[in-house]
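Asker: Got a predicted model here, sequence first, then my questions.
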Amino acid sequence: MSVDRDDATNDLSGPASNPTLSHLTRSNFDLDTPEKPYLDSNELIINMGPQHPATHGVLRVILKLDGEKVLGTECVIGYLHRGVEKIGENRTYAMFNPYVDRMDYVSAVSNGLGYCEAVEKLMNVEAPPRANYIRVILTELNRIASHQLWLGTHALDIGAMTPLFYTFRDREEILKIFEKYCGARLTTHAFRIGGCLYETYAGFEKEVNNFLSFVAPKIDEYEELLTTNRIWLERTKNVGVISGEDCIALGVTGPVLRASGVKWDLRKAQPYAAYSKFDFEIPTGENGDTYDRYLVRMEEMRQSLRIIEQAANSIPEGPIMAKVPKVIKPPVGEIYHSIEAPKGELGYFIVSDGSTQPYRVRVRPPSFVNLQALDRMVRGLLVADVIAVIGTIDIVLGEVDR
Amino acid sequence: MAEDVKAPVPPSPPEGEKTPAAETRSGAAAKAPAPAKAEGPVPVPWTSPLVEKYRKQYGSGLEALTYLGQNYLNVDRALIPNILRLLRDEEQFDYCVDITAVHYPKREKQFDVLWNLYSYARNERMRVKTQIVDGDSIASCVSIWPTANWLEREVYDMFGIQFDGHPDLKRILLPDGWKGHPLRKDYGILQQDKEWVQINLGIESGQ
């Protein structure tokens, strides 16, 4: 790592039991009373966002700069807060299902899968095997779509415009499959508590297989554009480095964690749906920099293709819906269930009081927790790198703010 | 660590015979004023080397249960900082997945505060739970898991629970001047909305 972090700005507070964590527990810098009565002539506090094309939504980052160098950041979030958890308390279990699609709106299928499985667990029912296969296929398609959207926008932020057109062109094919399956392209509401509502349409397997052979060379094409591109390397290598230990301490999950060398994926660690039946690898990186995160996501897309191929060619026959009462009333109790969403661990903690509405729904959003690592990743870098790092964390503000 | 780290999962208690929805189909749309106690599994004691160890140390201050195969510890508020620290340092629960709370306005101790933990080494989840009365503060665990910083801020924002020793406890999702804490059960959504839009937007109602 070539950048030197300015440790003088780390306002450490609170007793750190473990000195190795002390650099992560600092408070935000106090904007009203800077440490020095007058800012240095070259010290500057500027706002990035909330209306900024590279913040992927309405994220405001307050940057404290020394010239071009970032001394510290503070994220101001909540611009997109809709009170999803409060809404959940005022809807029945089934009615809340479409709302979860609107958190991470580029991977709505994953959100729905996590929620449906959590409620199923709470009710002690299990989705039938056929439903689980359909769920896996659609979720993995959605993972590819999410990574494609990430790649396009992330590359665009850094200045490469072509990948955006390529990825959006290919993502369209996935959305077409979604549209044919459930009528919606983005906020799909594809699954129901207990299984799937829709049977696969005629020719579903064939279309999925066609997509696989269509998109595999396209992923190579993205790599051709970027992987050895000199500008891309300059902008991403050794930028936003974070170690595996720091990731764990900060609760970071998903591709960011794996790029830092921690081989952990919920699909393998605690398999859900039908994932235990499929053969796939967990790609990991070594350096934990923006480039490695890019490589990890590229490889993840290929692994998703492998999963889809296995699943699409072996969908079992049978019902697609478990025996679930019309009115969903889980017994009194609480449950935590989490899945590997494209961005990391997406968890639902649901408390039931035995009525038709959840007593409490807590969403553990991967974007929200991962975004907290931004400050750790950009200190000491340049302003332009902040853009690269926001992109590489892959946040969706709908999920950060909920 | 210990060789048998996997907590034994007790057989789940027998299922209730009747499906709760069958008899209430008619009045399903409205929330039942007094929800009938649906028959279902009940929490059963959780036994594992970890629990035994802490029970020796802390005695009655903690209760270990398992529900639907998920383990949790009910811990006295005073023991929270110690238990959380020990869980990380000795039991390898190095990943704090989530911190959240649940509001039960009818109880004397109104809030459940929950820490959702995971151990990479053991591939095991557990929850730590404590009950506090309204106005009580609780020890911050930012120094144990730095990820707690934002999570505790969110709990403060949504429930008004204070965390002692948090480096920068302020609202995170709602604006700084917001009144009240929305995820409390007694929070009036509509009144709040009217007041805010009248002052800030100059319109009668946001609804």
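Answerer: Nice, I can see it.

Asker: Look up how far B:Thr66 lies from the one residue in the stretch 201-350 of chain A that gets nearest to chain B.
Answerer: When distances are taken as Cβ to the nearest Cβ, the stretch 201-350 of chain A reaches nearest to chain B at A:Pro331, 2.2 Å away. Where C-beta positions appear, they are placed from N, C-alpha and C, glycine not excepted. Distance, A:Pro331 to B:Thr66, using Cβ to Cβ, to the nearest Å: 15 Å.

Asker: What strand or helix carries the residue of the stretch 201-350 of chain A closest to chain B?
Answerer: With elements delineated by DSSP states H and E, A:Pro331 resides in a region that no helix or strand encompasses.

Asker: Grab the nearest non-local neighbour of A:Val239.
Answerer: Beyond its immediate neighbours in the sequence, the residue positioned closest to A:Val239 (Cβ to Cβ, 6 or more residues apart in numbering or on different chains) is A:Thr290, lying 4.5 Å away.

Asker: That neighbour is in contact with A:Gly240, isn't it?
Answerer: Yes. With contact taken as Cβ atoms under 8 Å, A:Thr290 and A:Gly240 are classed as touching, separated by 4.9 Å.

Asker: For those two, list the residues in contact with both.
Answerer: When contacts are counted by Cβ atoms under 8 Å, 6 or more residues apart in numbering or on different chains, A:Thr290 and A:Gly240 have A:388-389, A:392 as shared neighbours.

Asker: hang on, the earlier thing: give me the phi and psi for the residue of the stretch 201-350 of chain A closest to chain B.
Answerer: In terms of degrees, to the nearest 10, the main-chain angles of A:Pro331 are phi -70, psi 160.

Asker: and if you look at A:Leu346?
Answerer: The phi and psi torsions at A:Leu346 (degrees, to the nearest 10) take the values phi -110, psi 120.

Asker: gap between it and B:Gly61?
Answerer: Here the distance between A:Leu346 and B:Gly61 works out to 33 Å (Cβ to Cβ).

Asker: now A:Ala131
Answerer: When Cβ to Cβ is the yardstick, A:Ala131 and B:Gly61 sit 44 Å from each other.

Asker: give the contact list for residue 175.
Answerer: Defaulting to chain A. Each residue near A:Leu175 by Cβ under 8 Å, 6+ apart is listed here: A:145, A:185-186.

Asker: was after chain B, sorry
Answerer: A:Gly78.

Asker: quick one: secondary structure of it?
Answerer: With DSSP: H, G, I helix; E, B strand; the rest coil as the basis, B:Pro175 sits in coil.

Asker: Against A:Ile77, how distant is it?
Answerer: Between B:Pro175 and A:Ile77 the distance is 11 Å, computed by Cβ to Cβ.

Asker: now swap in A:Ile339 and tell me
Answerer: Computed as Cβ to Cβ, the A:Ile339 to A:Ile77 distance reads 23 Å.

Asker: follow-up on the earlier one: give me the more crowded residue out of A:Ala131 and B:Gly61.
Answerer: For A:Ala131 versus B:Gly61, neighbours defined as other Cβ atoms under 10 Å in any protein chain shown are more numerous around A:Ala131 (26 against 16).

Asker: okay, the more buried one: pLDDT?
Answerer: A:Ala131 carries a pLDDT value of 92.

Asker: can you check A:Leu186 too?
Answerer: 89.

Asker: Now it: which helix or strand?
Answerer: Using DSSP H and E, A:Leu186 sits within no helix or strand.

Asker: since we're on it, how many residues are nearby?
Answerer: Residues within reach of A:Leu186, counting by other Cβ under 10 Å, total 16.

Asker: pretty sure it contacts A:Val106?
Answerer: Yes. The pair A:Leu186 / A:Val106 is scored as a contact, 7.5 Å apart, by Cβ under 8 Å.

Asker: Which strands or helices does the helix or strand where A:Asn370 lies pack on?
Answerer: Taking DSSP H and E as the definition, one finds A:Asn370 inside helix A:366-371. Helices and strands in packing contact with helix A:366-371 are listed as strand A:344-352, helix A:383-393, helix A:397-401, helix B:148-159; criterion 3 or more Cβ pairs under 8 Å, 6 or more residues apart in numbering or on different chains; DSSP states H and E.
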